[in-house]
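Asks: structure, please.
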Amino acid sequence: MSFVRNLSEERAKKVNGEKVFEMVTERDKKKLGAAIVLVRESKLHHHDYTEEMYFVASENPKAVVYLDGAIISLKHDDVVYIAPGTKHKLETHGPEDLKIYVATHPPWSQKDHHLDE
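Replies: Below you'll find the predicted structure:
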C-alpha cells in the first residue's frame, strides 16, 4: 500500500541525542525504513543486522561521522553507508543541527540499536 506522511513536530522522537522524524517504520511492514534526523551528537552504537545510509542535507555542515574509530568530516551531499556491526556516531561542531536523510534495511528498530559508550 502506498501512503503520504506529514512530518510535524508531534511525530518527532528523541533517540540517543537525535531528533528523529520517522517516515517509514517497521510498523509499516516495508523492506526499508526512512527518516529525517536532526543531530547535535549521537551516542556511539552499532546494529547487528541493520544497514544504514545517510544523505547529508545540511548546506554547510560542521560535522563528523565516526565509523569504527575513523573520523570523517562531512560535506553537503555526502552519502555515508554503514554496514551492520560498524560502531558509529555523528557529532556536530557548528551552531546548527546536522540534518540527514536516513534509509535503513530493514526498518530501524530499538531492539537492534546497541550502545557502545
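Asks: flag the shaky bits of this structure, pLDDT-wise.
Replies: Residues of the chain meeting the criterion pLDDT under 70: 7-11.
Asks: what residues sit buried inside stretch 109-117?
Replies: residue 112 (16 or more other C-beta atoms under 10 Å). Using the backbone N, CA and C atoms, a C-beta is placed for each residue, glycine as well.
Asks: can you tell me what sits against it?
Replies: 15, 16, 26, 43, 44, 45, 46, 47, 48, 49, 50, 87 (C-beta atoms under 8 Å, 6 or more residues apart in numbering).
Asks: 7 Å instead, please
Replies: Applying C-beta atoms under 7 Å, 6 or more residues apart in numbering, the contact partners of stretch 109-117 are 26, 43, 44, 45, 46, 47, 48, 49, 50, 87.
Asks: restricting to C-alpha, output that stretch in CSV.
Replies: C-alpha atoms of stretch 109-117 as CSV (Å, rounded to 0.1, in the frame of the first residue of the first chain):
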residue,chain,number,x,y,z
SER,A,109,14.3,-1.0,15.4
GLN,A,110,15.2,-0.2,19.0
LYS,A,111,16.0,-3.9,19.6
ASP,A,112,18.8,-3.6,17.0
HIS,A,113,20.3,-0.4,18.4
HIS,A,114,23.1,-1.3,20.8
LEU,A,115,25.0,1.4,22.7
ASP,A,116,28.8,1.1,22.8
GLU,A,117,29.7,4.0,25.2
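Asks: so what's the gap between that stretch and the chain middle?
Replies: 13 Å (C-alpha atoms, centre = their mean, to the nearest Å).
Asks: state the distance from residue 13 to residue 20.
Replies: 5 Å (C-beta to C-beta, to the nearest Å).
Asks: more neighbours: which of those two?
Replies: Regarding residue 13 and residue 20, a neighbour count based on other C-beta atoms under 10 Å identifies residue 20 as having more, with 18 against 11.
Asks: which single one of the contacts of stretch 109-117 is nearest to residue 102?
Replies: residue 50 (10.6 Å; C-beta to C-beta).
Asks: what about that closest one, how many residues nearby?
Replies: Residues near residue 50, counting by other C-beta under 10 Å: 20.
Asks: ends of stretch 107-117, what's the gap?
Replies: Distance across stretch 107-117, first residue to last, is 23 Å (C-alpha to C-alpha, to the nearest Å).
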